[in-house]
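In: need a structure here:
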Amino acid sequence: MNRSNHFIGASTLLAALSVVCCGADWAQFRGPGSQGIGKATNLPTTWSDESNIVWKTPLPGYGASSPILWKDTIYVTGYSGYGQSRDKPGDQADLKLHLSALKRSDGSIQWTETFPARTPVENYAQFIALHGYASSTPAADDKAVYVYFGRTGAAAFGHDGKRLWKRVLGDKTHVFGTGTSPVLFGDLVIINAYVECGDMIALRKDTGEEAWRAKGLDRAWNTPVLVDVNGGQELVINSERKMQGFNPQTGELLWTCQGIEDYICPTVVAHDGIIYAIGARKGSGIAVRAGGRGDVTTTHRLWTMERGSNVSSPVYYEGHLYFANESRGIVYCANAETGKIVYEERLNPKPQFVYASPLVADGKLYYVSRQDGTYVLEAAPKFNMLAHNVLTPADDSVFNASPVPDGNLLLLRSDKFLYAIGKK
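Out: This next block holds a predicted model:
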């Protein structure tokens with residue numbers, strides 16, 4: 001076993017133990033393995049303002065991040081004080097950031113930790129106004145909850161709300177904003193800080209001190225993913241023109257593969273050592289076999305396709321990839337072995353935008369649009385739309401967060417509320 005594989009294999013046990021501890025929890029962006037696959041059953045198919053709303057909790061701050069589940073607690077981030085209205089955004093000096101803990105059984109807020117943002121930030125306009133200043137989903141383990149707020153930095157909080165540490169990772173900002181989420185590996189918190197400094201950085205969980213730094217990212221807005229391969233794990237991130245695999249323990253670059261010719265927002269998914277990625281405004285996708293070394297374009301890239309999404313990530317389920325184009329209202333199913341499109345169908349009624357990533361659970365496929373409701377499809381390689389559900393609060397909430405399964409409930413986070421949907 002070479003030195004790289006030794007580090008990967010030796011650390012995999014720690015990561016695996018962390019997953020076992022989580023059980024049915026959903027402790028990071030898109031749940032276990034960042035795959036968007038839930039093991040829940042009896043999830044709702046239909047709901048409305050008047051039916052199948054178990055509870056609805058006003059949140060102390062706006063946000064686009066997804067909720068996470070850890071034991072009996074739901075964690076979610078938000079912001080307030082600035083950027084809650086396009087017409088009157090306010091003063092950046094008043095921008096506050098929040099981490100809130102909600103009781104999993106009834107949605108009641110147990111505590112909210114509030115702290116000032118590190119300004120200046122990008123003004124609340126154009127792309128920033130689409131998602132705001134709390135777009136990164138937290139991650140949790142038995143020790144702490146880990147958050148990232150772009151220029152304000154990364155932080156760890158105890159499950160009692162006490163802040164354990166805070167670390168600034170860079171000073172830069174971008175008109176697109178920031179939204180990559182922390183990934184936990186062994187004793188490390190790994191963050192794609194491309195916007196703030198151009199690098200991917202691993203911090204020590206207990207102190208927040210830097211453990212390693214990987215350079216060379218290029219226009220990468222996606223969250224890294226740990227991929228099981230050869231009895232260990234690799235850390236994979238997608239950038240413009242290249243996909244890269246790293247040793248998650250040391251940050252050593254293991255391989256690169258020629259990729260998608262544009263900036264990348266969607267996070268990759270993986271199954272049986274194969275990585276699937278979509279992205280680019282033109283629409284495109286690739287499949288790459290993990291485990292290579294050096295430039296693996298000719299040896300490990302399995303296929304390319306001319307379909308994709310500029311924002312929403314895909315989901316892998318039973319040999320197929322499912323994803324939605326963010327602005328065309330079209331959903332796709334592709335054969336994961338070949339990349340061939342199985343179906344390409346427009347949702348009806350057509351949503352204006354779909355920024356959330358899909359969820360597969362209980363044999364159903366959930367697509368959450370920003371303002372046109374949630375579309376429920378059969379999770380099968382034949383297009384079958386089961387329901388279209390619209391929540392119409394008087395305040396015109398926007399839904400950017402990816403849905404989360406919680407037992408027989410579905411959690412939907414708007415910029416103002418957290419909903420638990422299911423049978424009362």
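
In: only C-alpha atoms for contact and neighbour calcs from this point on.
Out: OK.

In: how about the helices in this protein?
Out: All helices of the chain, identified by DSSP state H, fall at 3-22, 128-131, 194-197, 297-300.

In: state the mean pLDDT of the third one.
Out: By that I understand helix 194-197. Averaged across helix 194-197, the pLDDT comes to 97.

In: as CSV, could you dump the C-alpha coordinates of it?
Out: The C-alpha atoms that make up helix 194-197 are tabulated as CSV, following Å, rounded to 0.1, in the frame of the first residue of the first chain:
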residue,chain,number,x,y,z
TYR,A,194,-12.9,29.1,-3.5
VAL,A,195,-14.8,32.3,-3.4
GLU,A,196,-13.0,33.7,-0.3
CYS,A,197,-9.4,32.6,-1.0
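
In: could you name the helices and strands sitting against that helix?
Out: Helix 194-197 is packed against no helix or strand, with contacts defined by 3 or more Cα pairs under 8 Å, 6 or more residues apart in numbering; DSSP states H and E.

In: sorry, back to before: comparing the helices of the chain, which yields the minimum mean pLDDT?
Out: Per-segment confidence across those bottoms out at helix 3-22, which has a mean of 40 in mean pLDDT.

In: ok, now which ones touch residue 287?
Out: For residue 287, the contacting residues are 274, 275, 276, 277, 301, 302, 303, 304, 339, taking Cα atoms under 8 Å, 6 or more residues apart in numbering as the criterion.

In: what about the fourth one, distance to residue 291?
Out: Per Cα to Cα, to the nearest Å, residue 277 is found 16 Å from residue 291.

In: for the second one, same thing?
Out: As defined by Cα to Cα, residue 275 lies at a distance of 11 Å from residue 291.

In: so what's residue 295 closest to, chain neighbours aside?
Out: Nearest residue to residue 295 in three dimensions, chain neighbours excluded: residue 256, at 5.0 Å (Cα to Cα, 6 or more residues apart in numbering).

In: what's the pLDDT at the one you found?
Out: For residue 256, the model assigns a pLDDT of 98.

In: kindly report the same for residue 392.
Out: Looking at residue 392, its pLDDT reads 81.

In: thinking again about what came up before, among the contacts of residue 287, which one lies nearest to residue 78?
Out: Comparing the contacts of residue 287 against residue 78 with Cα to Cα places residue 277 closest, at 28.3 Å.

In: in contact with the closest one, which residues?
Out: Neighbouring residues of residue 277 by Cα under 8 Å, 6+ apart: 238, 266, 267, 268, 269, 285, 286, 287, 314.

In: next one: residue 321
Out: With contact taken as Cα under 8 Å, 6+ apart, residue 321 is in contact with 314, 315, 332, 333, 334, 335, 336.
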